[in-house]
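>>> turn this into a model:
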Amino acid sequence: MAELAGSATHLRHGSSIGQPLTRRDGLLKVTGQARYAADNHPPGMLHAALAVSSIARGRVTGLDVEAARAHPGVVAVMTPANRPALALHPDDKASPFVFRMDLLQDDMVRYAGQPIAVVIGETLEAATEGAALLAPRYAAEPARTGLDEGEVFIPPMVGIGAPSEVRHGDVEAGLAAAAARIEAVYETPAQYHNAMEPHAIVAAWEGDRLSIDTPSQGLTWARDRIAGLFGIAVEDIEIRSPFLGGGFGSKGLIAGPQVLGILAARLVGRPVKLVLRREQMYGPVGHRAPTRQTLRLGADAAGGLTAIQHHVRTASSSFDDFFEPAGGVTHTLYASPAIVTTSDAVRLDTGTPMFMRAPGEASGSIALEGAIDEMAAACGMDPLEFRLRNYAEVEPTTGKPFSSKALRECYAQGAARFGWAGRPLAPRQMRDADGLLVGWGVGTATFPALMFQGQARAVLRADGSGVVEIGAQDMGQGAWTALAQIAADSLGLGIDQVEFRAGHSGLPDAGIAGGSAHTATAGMAIHGAGADAIARLAELAMADGRSPLFGAGNAGVVAREGRLLRRDDESRGETYAEILARAGLGEIEGRGTGAMDPAAQEHYAMHAHGAVFAEVKVDPELGQIRATRLVGAFAAGRIINPRMVQSQYYGGMIWGVSFALHEAAVVDPRSGRVMNANLGEYHVPVNADLPSLEAILVEEVDPHVNALGIKGVGEIGVTGSAGAVANAVWHATGVRVRRFPIAVEAVAGLAG
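This is a model prediction of the structure:
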């Protein structure tokens with residue numbers, strides 16, 4: 001139902017918004033009918049395989065191209081010598097959202113796993129065997145692999161456009177005046193996205209027209225980048241991306257291997273499929289950079305923070321710029337009269353780090369939450385009590401009021417559900433019946449409430465049904481379901497009466513599915529498009545003397561269940577179909593835009609919040625750690641679909657456990673290669689690693705973030721959970737581990 005006062009706002013009675021509907025794409029996925037990029041096989045398609053560098057720095061001095069071409073199934077070998085020309089150099093960088101690519105532009109090697117040739121064959125086996133026959137030869141140079149290698153410098157910005165230094169108040173004076181102080185160094189490793197679906201592309205050229213199947217979190221951004229590289233019009237590029245098997249940020253921008261697939265198709269004049277092997281995802285498609293974070297905190301005798309200093313060292317590649325903004329989380333969480341965050345960096349021989357679920361906040365929060373726990377212990381306070389004592393009523397570094405903040409309720413509901421009141425203050429006080437050490441920890445969760453630019457189209461048809469079109473992406477988060485609910489609500493129809501079209505570059509630009517902003521951005525565009533269509537329909541009826549709604553402009557009308565009704569007399573109304581039929585129209589269209597309100601952004605700090613409580617058990621002799629129970633309570637504005645939101649919270653919380661206990665890329669310092677580039681040795685949690693998981697959806701109304709009151713939920717679950725688990729390990733063992741993931745040897749041998 002949509003409700004209009006004059007031709008303006010609309011509300012919904014009997015709405016599907018807020019209902020825990022199951023995934024509209026679920027049946028297709030569980031029955032194998034969902035078609036992912038690599039499932040496409042156009043006629044005449046060839047297969048491409050990458051040959052990648054086994055060194056991290058140097059030059060390729062030779063490739064046995066003739067041996068590869070001699071393979072009976074090989075059609076072509078693409079190297080720097082015969083790669084089709086590009087309109088832009090792959091190292092051109094027009095904006096911070098454009099990253100440099102390795103597209104066989106020369107013989108230089110900048111990281112291990114860099115593509116150095118592409119072999120195209122009649123079969124995948126032939127292409128793979130041909131790539132092995134290339135037997136590359138190198139002139140290698142020593143690889144730079146660690147945070148202590150290379151020249152340290154201060155980056156001009158961190159993340160996308162954030163300053164590398166933020167100062168609020170006098171930290172040194174705050175530390176000098178403190179009754180208690182701590183200083184701690186936390187280290188986080190490089191991590192890799194590892195979505196279930198690897199990056200893949202099926203590309204076909206017809207003259208200068210290009211047709212692509214590829215997973216993309218941002219269809220318009222991908223199309224624009226491809227158009228620029230190949231010097232063709234965006235209208236000549238069609239990208240289909242109906243299903244993504246996960247992305248976590250790695251599919252937000254088109255990656256080098258996908259462009260190589262397009263180049264291969266141009267070289268051979270036939271459709272080409274290129275799918276990355278699992279180990280090939282450790283290099284050219286982004287990762288989370290390692291960090292070393294030094295925190296200094298001071299508190300007065302009552303446990304009030306007097307200063308927070310947070311310094312981050314991180315790394316980027318030797319050839320591009322993305323610096324993990326891990327200090328940003330410190331700007332928003334805890335009240336302190338003095339807060340300083342600074343960053344420096346080194347360049348390593350690695351692929352360029354990029355956006356990875358909660359970029360900056362994930363790495364920064366595990367260090368900040370650990371330091372906050374250490375400060376609480378130094379003050380002799382319960383860590384939850386300490387957090388409440390230093391609760392920020394306004395954003396600490398800007399003084400802006402929060403658009404909404406239900407964090408106190410998150411603490412209260414989460415603690416009550418978890419049973420936090422029974423927690424002993426000192427560590428190593430709890431054991432289970434098997435003699436395992438038991439610990440409880442808490443972490444505060446936060447993530448900014450972001451929005452990008454998006455557009456949508458809504459149509460009411462002559463039969464009274466609706467269509468909503470938007471180039472949105474669903475990478476498993478349930479967007480197709482939640483956005484369809486918003487679409488139905490905006491048109492005053494049942495969800496089964498609305499056809500929802502998405503996942504294609506020819507549809508209105510939905511922006512990017514990232515930054516936990518997709519539902520807000522695309523949802524507001526859909527909301528506006530539906531409102532526009534209803535308003536146009538109402539204008540038709542109210543201006544038609546034959547309509548029972550004639551002259552209802554001052555009172556307004558209500559849109560409900562496919563009917564427009566007078567607001568002042570709901571017995572008078574008619575169906576959408578009747579209005580369109582009398583006007584002789586087959587349909588009526590509305591357009592909508594989603595974007596952040598600049599005025600609201602200027603006056604309010606906009607964040608989602610949460611609190612995560614974790615229980616771990618530790619074998620005191622072997623040091624084996626298991627996260628046995630997590631309870632998270634989160635406040636993220638209006639919830640469109642609680643089932644989908646709970647799923648996102650679960651995923652984030654599991655990732656937090658992974659961050660604290662499991663996940664790290666192991667780099668060989670001699671070669672610069674990732675040694676565990678597979679899912680057998682790159683450890684992530686499975687169901688057995690986390691037997692009890694609960695997410696509480698705390699009610700929160702935010703009138704400022706957008707008209708729907710939506711905040712994002714995809715990333716916030718990581719930010720509190722990792723710290724909660726690490727703090728629980730300390731509470732169980734009395735050992736404060738500051739290097740992640742927490743290794744067995746760090747807490748082994750504690751029996752007695």
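>>> contacts only, for the residue nearest to G303 when sequence neighbours are not counted.
For G303, ignoring the flanking residues on the chain, the nearest one in space by C-beta to C-beta, 6 or more residues apart in numbering is C379 at 4.5 Å. Where you see a C-beta, it was placed from the backbone N, CA and C, and this is true even at glycine. Shown in contact with C379 (C-beta atoms under 8 Å, 6 or more residues apart in numbering): 180, 299, 303, 386.
>>> next one, pLDDT for the second one please.
What that stands for is A299. pLDDT for A299: 98.
>>> show me where the stretch 301-450 of the chain has strands.
With strands called from DSSP state E, counting those that start in this stretch, the stretch 301-450 of the chain shows them at 305-317, 339-348, 430-431, 437-448.
>>> tell me the most buried of those strands?
Among the strands of the stretch 301-450 of the chain, ranked by average contacts under mean count of other C-beta atoms under 10 Å, first place goes to strand 437-448 (a mean of 26).
>>> check which helices and strands that one sits against.
In terms of contacts (3 or more C-beta pairs under 8 Å, 6 or more residues apart in numbering; DSSP states H and E), strand 437-448 is packed against helix 361-378, helix 383-389, helix 407-418, strand 430-431, strand 607-618, helix 716-733.
>>> rewinding a little: any chance of the strands of the stretch 301-450 of the chain in a markdown table, with mean pLDDT and distance to T220 too?
As requested, the strands of the stretch 301-450 of the chain are exported to a markdown table (pLDDT from 0 to 100; distance: least, C-beta to C-beta, whole Å):
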| stretch | mean pLDDT | distance to T220 |
| --- | --- | --- |
| strand 305-317 | 98 | 26 |
| strand 339-348 | 98 | 31 |
| strand 430-431 | 98 | 53 |
| strand 437-448 | 98 | 22 |
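>>> now those strands in CSV, with distance to G632?
Formatted as CSV, the strands of the stretch 301-450 of the chain follow (distance: least, C-beta to C-beta, whole Å):
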stretch, distance to G632
strand 305-317, 24
strand 339-348, 26
strand 430-431, 21
strand 437-448, 7
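>>> and for L263, nearest residue in space, chain neighbours not counted?
P84 (5.4 Å).
>>> go ahead and confirm the one you found touches L267.
Yes. P84 lies in contact with L267 (C-beta atoms under 8 Å); the separation is 5.5 Å.
>>> could you check which of the two is surrounded by more residues?
Between P84 and L267, L267 has the larger neighbour count (other C-beta atoms under 10 Å), namely 20 against 14.
>>> I'd say R209 and D236 touch.
Yes. At 4.7 Å, R209 and D236 qualify as touching, with contact defined as C-beta under 8 Å.
>>> more neighbours: those two, which one.
Higher neighbour count among R209 and D236: D236, with 17 against 13, using other C-beta under 10 Å.
>>> next up, phi/psi of that one, please.
As for D236, its main-chain torsions (degrees, to the nearest 10) stand at phi -90, psi 10.
>>> with L210 instead?
The phi/psi pair for L210 (degrees, to the nearest 10) is phi -120, psi 130.
>>> what are the bridge partners for it, then?
W205, I237 (DSSP bridges).
>>> tell me the contacts of it?
203-204, 226, 230, 232, 236-238, 262.
>>> hmm, 10 Å instead?
203-204, 223, 226-227, 230, 232, 236-239, 262, 265-266 (C-beta atoms under 10 Å, 6 or more residues apart in numbering).
>>> on that earlier part again, figure out which of the strands of the stretch 301-450 of the chain is closest to V272.
Nearest to V272, of all those, is strand 305-317, at 27.2 Å by C-beta to C-beta.
>>> ok, that closest one: who's next to it in the sheet?
With DSSP bridges as the test, strand 305-317 pairs up with strand 291-299 (antiparallel), strand 339-348 (parallel).
>>> now the residue nearest to A190 when sequence neighbours are not counted: phi and psi?
Among residues not flanking A190 along the chain, A665 sits closest, at 4.3 Å (C-beta to C-beta, 6+ apart). For A665, the backbone dihedrals (degrees, to the nearest 10) come out as phi -90, psi 130.
>>> give me the neighbour count for A665.
A665 has 18 neighbouring residues, counting by other C-beta under 10 Å.
>>> for K251, same thing?
Neighbour tally, K251, other C-beta under 10 Å: 30.
>>> mind listing what the nearest residue to M354 once chain neighbours are set aside touches?
Leaving out its chain neighbours, the residue that sits closest to M354 by C-beta to C-beta, 6+ apart is G286, at 3.2 Å. If a contact means C-beta under 10 Å, 6+ apart, then G286 has 99, 192-193, 248-253, 255, 322, 351-356, 359 as its contacts.
>>> I'd say S16 and G492 touch.
No. Using C-beta atoms under 10 Å, S16 makes no contact with G492, being 11.2 Å away.
>>> higher neighbour count, the two?
Neighbour count, other C-beta under 10 Å: between S16 and G492, G492 has more, with 31 against 22.
>>> do you know how far A203 is from V118?
According to C-beta to C-beta, to the nearest Å, A203 and V118 sit 12 Å apart.
>>> and for the two, which residues touch both?
Listed contacts common to A203 and V118 are 48, 260-261, 263-264, 272, 274; contacts here mean C-beta under 10 Å, 6+ apart.
>>> deepest of the helices and strands packed on strand 437-448, which one?
With neighbours taken as mean count of other C-beta under 10 Å, the helices and strands packed on strand 437-448 reach their highest mean count in helix 716-733, at a mean of 30.
>>> just the angle for that one relative to strand 607-618, thanks.
Comparing the axes of helix 716-733 and strand 607-618 via axes from the mean of the first three to the mean of the last three C-alpha atoms, to 10 degrees yields an angle of 30 degrees.
>>> restrict helix 716-733 to CA atoms and write it as CSV.
Provided in CSV are the C-alpha atoms of helix 716-733 (Å, rounded to 0.1, in the frame of the first residue of the first chain):
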residue,chain,number,x,y,z
ILE,A,716,28.9,-4.6,11.2
GLY,A,717,28.9,-8.2,12.5
VAL,A,718,32.6,-8.6,11.9
THR,A,719,33.6,-5.5,13.8
GLY,A,720,32.4,-6.5,17.3
SER,A,721,32.9,-10.3,17.1
ALA,A,722,36.6,-10.5,16.4
GLY,A,723,37.4,-8.4,19.5
ALA,A,724,34.9,-10.2,21.7
VAL,A,725,36.5,-13.6,20.9
ALA,A,726,40.0,-12.3,21.5
ASN,A,727,38.9,-10.8,24.8
ALA,A,728,37.3,-14.0,25.8
VAL,A,729,40.6,-15.8,25.2
TRP,A,730,42.3,-13.5,27.6
HIS,A,731,39.5,-14.0,30.2
ALA,A,732,39.9,-17.8,29.9
THR,A,733,43.7,-17.9,30.0
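>>> quick one: that helix to strand 437-448, angle?
Going by the same axes, to 10 degrees, helix 716-733 makes 160 degrees with strand 437-448.
>>> low pLDDT regions in the protein?
1-14, 752 (pLDDT under 70).
>>> longest helix anywhere in it?
The helix spanning the most residues in the chain, taking DSSP state H as the definition, is helix 518-542.
>>> tell me the helix or strand right after that helix.
The first helix or strand that comes after helix 518-542 along the chain, using DSSP states H and E, is strand 557-560.
>>> show me what the helix or strand following that following strand pairs with in its sheet, parallel or antiparallel.
For strand 557-560, the following helix or strand on the C-terminal side (DSSP H and E) is strand 563-566. Looking at strand 563-566 with DSSP bridges, its partner strands are strand 557-560 (antiparallel), strand 569-575 (antiparallel).
>>> re earlier: type out the ChimeraX command that picks the buried ones from the contacts of G286.
Restricted to buried positions by 16 or more other C-beta atoms under 10 Å, the ChimeraX selection for the contacts of G286 reads:
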select :99,192,193,248,249,250,251,252,253,255,322,351,352,353,354,355,356,359
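>>> show me where the stretch 151-300 of the chain has its helices.
Using DSSP state H, counting those that start in this stretch, the helices of the stretch 151-300 of the chain run over 171-177, 219-230, 256-268.
>>> got those as TSV, with distance to L630 columns?
TSV is the format used below for those (distance: least, C-beta to C-beta, whole Å):
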stretch	distance to L630
helix 171-177	34
helix 219-230	35
helix 256-268	36
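>>> winner for burial among the ones you listed?
Of the helices of the stretch 151-300 of the chain, the one with the most neighbours on average (mean count of other C-beta under 10 Å) is helix 256-268, at a mean of 24.
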